[in-house]
Every structure is written in C-alpha cells, then in structure tokens.
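Chemist: Sequence first, predicted model second:
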Amino acid sequence: MDLIIPASYDPKLSVRQTQEAIRYIRETFQDEFGKELNLSRLSAPMFVPSATGLNDNLNGVETPVSFSMQDMPETSIEIVHSLAKWKRVALKRFGFEMHSGLYTNMNAIRKDEDLDNIHSIYVDQWDWEKVIDQSERNLTTLKATVQTIFKVIKHMEHEVWYKYPEAVYHLPDQIHFVTTQELEDRFPKLTPKEREDAICKELGCVFLMQIGGTLKSGERHDGRAPDYDDWQLNGDILFWYEPLQKALEISSMGIRVSEESMLKQLKIANAEDRIHLPYHQMLLNHQLPYTIGGGIGQSRLCMLLLGKAHVGEVQASVWPQSMIDQCEENQIHIL
C-alpha cells in the first residue's frame with residue numbers, strides 16, 4: 001500500500017456534490033464520446049467461462065477471481081479483467097459495419113492490484129471497440145483516434161468548469177506522442193514509471209506508444225497481454241496530475257492484433273498454448289474484423305476533472321482501514 005497525501009488538500013465539493021458531478025461527467029462524456037467515434041452502447045458481461053479465452057491477462061501475471069455456479073458446476077467462470085477480446089467477438093456477432101463500433105460500461109475486479117491513490121481492486125471503465133479496414137492498421141489511424149479522445153476529454157473540462165468552476169482541474173491544450181524507446185533513450189537511468197512522470201511533467205499530456213515489446217535495454221517498459229493489442233500500435237493516454245505530482249493514466253488503447261502479430265507476440269510471450277482457445281481460433285481463421293479499441297477509466301476521469309486526491313473519493317471499493325483513517329485525517333473522504 002502506497003499513499004500520497006497532498007499538502008493542504010481541499011476537496012472543494014462535498015461528498016453529495018461530488019456524486020452529482022460524477023453522474024454529470026459520466027452521462028455527458030459517454031454520449032459525446034460515442035458520437036465522436038460512431039459507437040453504440042452495448043450491454044457487456046461481468047464474467048465469462050474460462051475456457052473461451054475471452055478474459056484478458058492484462059500484464060500476463062494477474063489471476064482473475066473465479067467461481068462455479070449451481071447449474072454449471074464443472075464450468076470455471078471468471079470475473080473479467082477487461083473486455084478487449086469479448087468486444088471484438090461482439091462486433092462480429094452483432095454485425096457492426098466498417099467504421100462503426102460499440103462501447104460498454106465495464107465493471108471488473110482486479111484482486112492483484114497494488115492499492116494506492118489511483119489503483120483499486122474495482123475497475124469501472126468505458127470499454128470500446130471499432131471496426132477498421134486492414135489497411136488502416138497504422139500509426140495514422142491510431143494517432144487520429146487518440147486526438148479525438150483527447151478533444152472529448154478537453155471538452156469535458158469546459159463542461160465541468162461551467163457547472164463546478166471551483167472544483168475543475170485544468171488540462172493542457174494538446175497531447176504529445178512519444179514512444180517507450182524514445183523515453184528510455186532520454187531517461188535511461190529512470191524506472192519506467194519515473195520516465196512517465198518526467199515526460200508528463202514536461203509536456204502535460206502524452207500518448208505513450210508501443211508498450212509490451214522489449215526495448216534496446218532488453219527490458220520492457222510495461223507488460224501487455226500478447227493477444228489483443230498490437231505492441232507496435234498501442235499506447236496509454238497520460239496526464240501530469242499536479243495534486244499527486246505524478247502521471248495519471250486515463251486510457252489504455254490500441255489497434256488490435258492481426259493474425260500475424262498475434263502469433264508473433266504469443267511466441268515472444270511463451271504463450272502459444274492459447275492458440276487452441278476459441279477466440280484465438282476465430283482470429284486465425286479470419287472470422288473476426290480488424291479493430292481498434294481500448295478502455296477509458298470512469299473513476300479516473302472523474303478524479304482528473306474534479307482534482308481529487310484519491311480514486312476512493314469517486315468510487316466505492318474496499319480499502320485497508322489504515323488508508324481510510326489516514327485519508328479522513330486529511331480531508332480525503334473515501335466512499
């Protein structure tokens with residue numbers, strides 16, 4: 001457990017006012033975001049059968065919460081980590097056309113998360129996915145989509161400023177594109193997270209690209225599962241967050257693997273046993289569309305726009321009592 005207490009923290013809004021602001025941000029953002037990217041809302045599962053291969057392995061080491069049910073006692077069921085692979089199958093299943101897509105209100109449990117100001121075992125995000133042409137699997141498509149998402153977030157800043165001028169956290173006017181290798185070249189003696197902090201403090205907002213593969217040093221910037229993002233065409237949207245003096249990740253996204261890139265990444269990750277799972281067979285047999293997609297943290301976005309010190313101020317989860325007590329002593333009201 002790692003906790004940062006900002007000096008002289010003032011939450012600006014009461015708990016009830018914060019709840020009203022959360023509702024406004026969530027409802028307004030998803031409508032504008034869906035419109036800008038041509039996405040339709042779709043209901044999504046909170047759990048999937050383990051054998052489908054649809055759950056996400058995130059960094060490759062986290063284990064999902066699993067259980068069995070009365071009418072299917074021999075089936076292992078997992079609470080989702082995210083819906084990256086499920087969404088791609090859903091686009092095929094429900095007949096989404098070229099350049100259209102879906103978004104969901106995704107709820108997940110990540111029990112192996114290290115708790116701090118911005119990490120919780122409960123994850124709530126807009127998970128989204130959009131059909132693209134194979135020829136659009138490139139940096140141009142990726143960057144244009146990132147710019148659109150940044151534009152919607154900036155517009156939300158103005159919306160929140162209009163309704164809650166005393167509480168809004170002001171954002172930079174542009175987003176910069178940097179690769180993980182460029183970051184390592186520039187800050188070779190820093191850890192990956194320290195590099196993110198350094199570049200975000202300098203530039204304000206960064207889309208950090210190409211996460212998952214090995215850098216020149218032989219190390220990875222961060223882990224990514226080998227079977228959804230293409231490691232050459234993905235990244236994270238990061239903001240410099242003054243209250244905590246660190247980078248705050250709002251979105252992880254990317255162009256999804258092709259048949260070739262999935263096979264290559266599975267081999268690198270020593271995970272070729274997954275090839276025989278239903279999802280992976282669908283992709284290898286050309287039964288799934290080419291897509292771009294990602295997740296945008298709902299609580300993280302509310303935290304950012306309202307200048308909150310702890311994600312527990314904008315979502316209900318489980319926290320160590322020592323963390324709750326320390327926060328309460330410093331005007332940080334955990335739900």
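Modeler: Nice, I can see it.

Chemist: Could you use CA atoms for every contact and neighbour count after this?
Modeler: Noted.

Chemist: Would you state the predicted confidence (pLDDT) at Glu62?
Modeler: With respect to pLDDT, Glu62 has a value of 69.

Chemist: Am I right that Asp197 is in contact with Glu242?
Modeler: No. Taking contact to mean Cα atoms under 8 Å, the distance of 10.8 Å between Asp197 and Glu242 leaves them out of contact.

Chemist: show me what contacts Asn107?
Modeler: With contact taken as Cα atoms under 8 Å, 6 or more residues apart in numbering, Asn107 is in contact with Met46, Val80, Ser82, Tyr122, Val123, Asp124, Gln125.

Chemist: wait, isn't the fourth one in contact with Arg110?
Modeler: Looking back up the chat, that one is Tyr122. Yes. Tyr122 sits in contact with Arg110 when judged by Cα under 8 Å, with a separation of 6.4 Å.

Chemist: Can you show me the helices along the stretch 151-300 of the chain?
Modeler: Taking DSSP state H, counting those that start in this stretch as the criterion, the stretch 151-300 of the chain carries its helices at 180-186, 192-203, 259-268, 278-284, 298-306.

Chemist: how about the ones you listed in CSV, adding mean neighbour count and mean pLDDT?
Modeler: Written out in CSV, the entries for those read as follows (neighbours: other Cα atoms under 10 Å; pLDDT from 0 to 100):
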stretch, mean neighbour count, mean pLDDT
helix 180-186, 17, 97
helix 192-203, 18, 97
helix 259-268, 17, 95
helix 278-284, 18, 92
helix 298-306, 25, 95
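
Chemist: May I see these arranged in JSON lines, with distance to Gly212 as well?
Modeler: Below are those laid out as JSON lines (distance: least, Cα to Cα, whole Å):
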{"stretch": "helix 180-186", "distance to Gly212": "9"}
{"stretch": "helix 192-203", "distance to Gly212": "12"}
{"stretch": "helix 259-268", "distance to Gly212": "9"}
{"stretch": "helix 278-284", "distance to Gly212": "19"}
{"stretch": "helix 298-306", "distance to Gly212": "22"}
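
Chemist: Ser217: which of those is closest?
Modeler: Put simply, out of those the one that sits nearest Ser217 is helix 180-186, at 8.3 Å, with distance taken as Cα to Cα.

Chemist: got the contact list for that closest one?
Modeler: Where contact means Cα under 8 Å, 6+ apart, the residues beyond helix 180-186 that reach it are Pro192, Arg195, Glu196, Ile199, Leu208, Met209, Gln210, Ile211, Leu215, Lys216, His221.

Chemist: follow-up on the earlier one: lowest-confidence one in the contacts of Asn107?
Modeler: On pLDDT alone, Ser82 ranks lowest of the contacts of Asn107, at 76.

Chemist: thinking again about what came up before, so which of the helices of the stretch 151-300 of the chain is nearest Ser251?
Modeler: Counting by Cα to Cα, Ser251 lies closest to helix 298-306 out of the helices of the stretch 151-300 of the chain; the figure is 9.0 Å.

Chemist: How many residues are close by His276?
Modeler: As a burial measure, the neighbour count of His276 was computed by other Cα atoms under 10 Å and equals 12.

Chemist: should've said Asn270
Modeler: When neighbours are counted by other Cα under 10 Å, Asn270 registers 11.

Chemist: And for the one 4 residues further on?
Modeler: Residue neighbour count, defined by other Cα under 10 Å, stands at 15 for Arg274.

Chemist: what do you get for the one 3 residues further on?
Modeler: The local packing of Leu277 (other Cα under 10 Å) involves 14 other residues.

Chemist: closest to Trp231 out of the helices of the stretch 151-300 of the chain?
Modeler: When these are compared for distance to Trp231 using Cα to Cα, the nearest one is helix 259-268, at 8.1 Å.

Chemist: Tell me how far the closest one lies from the chain's centre.
Modeler: On the basis of Cα atoms, centre = their mean, to the nearest Å, helix 259-268 sits 22 Å off its chain's mean C-alpha point.
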